[in-house]
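Engineer: below are the sequence and a predicted model; questions follow.
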Amino acid sequence: MRENYTYVVLADDDEDDRLFFTEAFDELKMKTKVDIYKDGVDLMNALNQSESTLPNILFLDLNMPMKSGLECLTEIKSNPRFKDIAIAIYSTSASEEDIEDTFVSGANIYIKKPNDFKVLKKILSDVVTMNWQYHTSGLNKDNFLLRL
Amino acid sequence: MKIFIKFDFTQICTRVIDEKLEELGIKYRMLNFGEIEFLEDVPSDKLKAFDLILREYGIEKIENQKVILVQKIKDTIIEMVLNTDDTVNVKSSVYLSEKLGHSYGYLSNVFSEVTYTSIENFIILQRIEHAKSLMINTDLSLTEIAFRLQYSSVAHLSTQFKNTTGITPTTFQRIIAKRRALSDNKN
Amino acid sequence: MTMKFKSLYNSERFLKIIFGLSLFIVLVMGGLAYRYIKELSDSFDEVQEAYQLHIELEKLLSALKDAESGKRGYIISKDSTFLEPLWVSGSELDLSLQRLKALTQGNPDQEEKIADLEIKIDNSLRIFEKTLQLAQKNEIESAEFISAFKEGRQNMNSVRFKVLEITTHESDLLGTKKERSSKSLSNAPMVVYYVLIFSLLILLLIYLQISKNLKILKEKNELLETFKESTTQSEIISKHGNWIWNIDDNTFEYSDNLYRLLGEEPQSFEPTLENFIAFTHPEDLDKLTEQVNKMMENEDLPFIHYRIIQKSGSIKHFKAYGKVLIDSDGHKKLLGTTADITDEIENYRLIEERNLELERNNKELASFNYVASHDLQEPLRKIQTFISRLEDKEQENLTDNGKLYIKRIKSSSARMRSLIDDLLQFSRTNKSEEAFEDSNINILLETAKHDLVEIISDTRARISSDSIPSMKVIPFQIKQLFSNLISNSLKYRRENVAPVISIRYSETHASEVPNLKYSKHSRYHTITIKDNGIGFDQEYAEQIFTLFSRLHNKNEYSGTGIGLSICKKIVENHNGYITAEGYPNQGSTFIVYLPITS
């Protein structure tokens, strides 16, 4: 790791979910930096700035207006510049097929938004830890698939 | 066109360090992976130069002793997972404390302090990762992989796989196969 | 070989050959008979001739005798009347000789003898003359007379001898002829008889053959009649009509039912193309005309489809097809069949409509599914998360009542969560979306147990299971099945009794299970999940699988009434069958049958 913290970005159109997300990371006391975008268009605009710092983990809500999480995912996966970003789909429940499809399209992590804040904290902590493991232990990132 | 390659980080790193140290004219000895012993006193400017050169390759000199220990623990675990033959019937905790000369309690404390995870979890993660690479790179069946990684049954492997990754081994295989088919189609 | 012969025997050709042959034989035999009869009449003529010869000779002789005796009388009495027969016999002799000559013509032997006889007769006549002259001169006593007299007697004897000779010769001739002709004559009636018998035989044979052929013809005719009747019947039943287009003279024949299909009385109008086309639906007229023209051109009619309008106004859909046939006389015909497929089309349209309706319903269900999955879940999730935040952060600021309310809200939202989750699962248990794959069932069972690990350890349940062979299933559904059945057993456990669940595997033949008797699979994987829970009354065994049916108050047991319905749906998705047996306060057993596919 170049920096000694994990840079986390979330794109979600739901205000409450954004709140839960930031609060969870605040309480986690991990070495993380969190940025929030309120939709897919905003996110992609920010990422596509050439001098932008790229996140270590990108959390994508699937159901967003204008540009859905899946569209962002395909866009990110088609750009080699973003190849090191771990993509976490962060969504309300979906069918098994939909979940599998996001993995096939290149997502590394699928998170079903939990209904308990403690669970959310646990999940986010697991994600960051696991991502860090992949980074520091020389694991093959192509095999990084995690469902929580 | 697209090809799949496998690479050995250890070999790459060792090669880079070999070359650079030779360039600087430093006499050294490679102990374990990630541990270098200089055979003579090295001037601080040479050491700094070496540090800068290696940084270009993403290799960093570890200052903290705890971090060094954690790295050693990790190396031992990886070695343990890969060479399953030697460790038959030996508990990993016993093996680790014998090999690194510290009590297991100490090791596990240091490990979780530095990595935010336990040694047990790391061992499981390593075994699952190894299972993944066997699934992808070999024709071994799940039963054979479970046997090779010393799981008591396929069910045991599957359960642990599911616990660690949230998906079943079969789903994992299917996703990887579909990804390959997808990228083959694109090219 | 015998077949060939038999067919030859039965054929018309054979009949012709027999007839020709017999005609020939009868002709030959008739000829033979004619020849015999001719011979008979010939020999009769010969006899007649011989007889006449005989009479002529007798006459000749008696004339000579008359002359002789007349002469003698005259010599004795000198009465010239005695000489009268002498004159008469003179001319008679000539006549007789002439007749004899005629009779013996063609027979040189006899001719010679007759000539000889003539000389002798002439001689005796000359002697008569001489003696008569001498007698007139009364020189009876003269030596000359006596010598002449003697000579006359001598000559007379030689005539008599000659006559005898001729008669004998003629008799001999007649004798040989008679012998010959009698031989052939005795054969003649036989031949005639044989001809008659043979002709009769042939006549009989031909009669037999013809009557046999007639019988066959009659049978065939009857068969044809039956066939025609059954065709007519099948035409009516299957709503089709037949027609023939005689290509050579461009005429049409329509079957009765074709008229009926058009809503008309059979044969009520002339079967012409124009009359038929007049019924065609105006929108299909061009198409049909074109197809008919093509038919005329190609002498072939592929399947065509068009509509007609009956006089009553009802529209019918017709389908037609035709094929060229060349009959034994070389006439070309196009045999056509026209079927009324209105019902078919109507049914098809109905099914299509139903399908559309079903599709619409499914879409509605799917969108409901989406609403349930996403839109309903999201606010609930937030409520729950906010409650968890309240519990964590604001616990101290709440009164005891506040804490109680929070607790109640929490349990209510938890129940809503499980309802939504279960409903979602139920509507997601759709077969069409899922792919069957070879799966290790033991792993699926393990995974299911793992999902329930907390409640299993909380209730200190013991779960034992047989090794189950691999099956081709929808993996996550089977995992769901195990998970639901096990959690059902754990949920309805007896108070203060640690749950014991045993999962057994066996193979069952379809015939052993009443509800599988008529299934298309013969063998079934049988998985039995048996527990020691509260069980249920057997009379509810069916009811427990229906959606939202619960046997217990929701305060006693926290079921949604969906879990077992999901189980049933999953098993049905796999073409299987699930059944339950309950024993109140002893436990319940769920049996899952899944077909063994090879």
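Structural biologist: Everything's here; your move.
Engineer: quick one: buried residues of stretch C:496-508?
Structural biologist: The neighbour-count check on stretch C:496-508 (16 or more other C-beta atoms under 10 Å in any protein chain shown) flags C:499-501, C:503 as buried. Yep, even glycine has a C-beta here, placed from its N, CA and C like the rest.
Engineer: roughly how far does C:Ser234 sit from C:Glu219?
Structural biologist: C:Ser234 is 22 Å from C:Glu219, where distance means C-beta to C-beta, to the nearest Å.
Engineer: also C:Phe24?
Structural biologist: Counting by C-beta to C-beta, the gap from C:Phe24 to C:Glu219 is 33 Å.
Engineer: show me where pLDDT drops low in chain B?
Structural biologist: B:31-35, B:62-63, B:84-90, B:186-187 (pLDDT under 70).
Engineer: for chain A, what is the nearest residue in it?
Structural biologist: The nearest approach of chain B to chain A comes at B:Gly166, 2.9 Å away (C-beta to the nearest C-beta).
Engineer: residues contacting that residue?
Structural biologist: Neighbour list for B:Gly166: A:110, A:146-148 [criterion: C-beta atoms under 8 Å, 6 or more residues apart in numbering or on different chains].
Engineer: within reach of chain B, which of those are there?
Structural biologist: With C-beta under 8 Å from any C-beta of the partner chain as the criterion, the contacts of B:Gly166 include A:110, A:146-148 near chain B.
Engineer: which ones among the residues you listed map onto strands?
Structural biologist: A:110, A:146-147 (DSSP state E).
Engineer: dump those into a markdown table; add neighbour count as well.
Structural biologist: Formatted as a markdown table, those follow (neighbours: other C-beta atoms under 10 Å in any protein chain shown):
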| residue | neighbour count |
| --- | --- |
| A:Tyr110 | 23 |
| A:Leu146 | 22 |
| A:Arg147 | 20 |
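Engineer: closest to chain C among those?
Structural biologist: Taking C-beta to the nearest C-beta as the measure, chain C lies nearest A:Arg147 of those, at 12.6 Å.
Engineer: who are the contact partners of the one residue in chain A that gets nearest to chain B?
Structural biologist: Of all residues in chain A, A:Arg147 sits closest to chain B, at 2.9 Å by C-beta to the nearest C-beta. By C-beta under 8 Å, 6+ apart, A:Arg147 lies in contact with A:99, A:109-111, B:165-167.
Engineer: any chance of these in TSV, with distance to C:His169 too?
Structural biologist: Formatted as TSV, the contacts of A:Arg147 follow (distance: C-beta to C-beta, whole Å):
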residue	distance to C:His169
A:Ile99	146
A:Ile109	154
A:Tyr110	150
A:Ile111	156
B:Thr165	150
B:Gly166	151
B:Ile167	146
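Engineer: buried subset of those residues?
Structural biologist: Applying 16+ other C-beta under 10 Å to the contacts of A:Arg147 flags A:99, A:109-111, B:165-167 as buried.
Engineer: and which of those is nearest to B:Thr10?
Structural biologist: B:Thr165 (24.7 Å; C-beta to C-beta).
Engineer: could you report the pLDDT at residue 81?
Structural biologist: The chain I'm using is chain A. The model reports A:Arg81 with a pLDDT of 90.
Engineer: meant chain C, my bad for not saying
Structural biologist: Reported pLDDT for C:Thr81: 78.
Engineer: and C:Tyr593, what are its bridge partners?
Structural biologist: Beta-bridge pairing of C:Tyr593 under DSSP bridges involves C:Thr526, C:Tyr577.
Engineer: report the contact partners of it.
Structural biologist: Here C:Tyr593 is in contact with C:508, C:513, C:516, C:524-526, C:571, C:576-579 (criterion: C-beta under 8 Å, 6+ apart).
Engineer: element containing whatever residue of chain A ends up closest to chain C?
Structural biologist: When scored by C-beta to the nearest C-beta, chain A has A:Asn115 as its residue closest to chain C, at 3.7 Å. Per DSSP states H and E, A:Asn115 falls between elements, in no helix or strand.
Engineer: once you drop chain neighbours, what's closest to it?
Structural biologist: Spatial nearest neighbour of A:Asn115, chain neighbours left out: C:Gln384 (3.7 Å); criterion: C-beta to C-beta, 6 or more residues apart in numbering or on different chains.
Engineer: who touches the residue nearest the centre of chain A in this structure?
Structural biologist: Computing the C-alpha centroid of chain A and ranking residues by C-alpha atoms, centre = their mean puts A:Phe59 first, at 2.1 Å. For A:Phe59, the contacting residues are A:8-12, A:21, A:88-90, A:111, by C-beta under 8 Å, 6+ apart.
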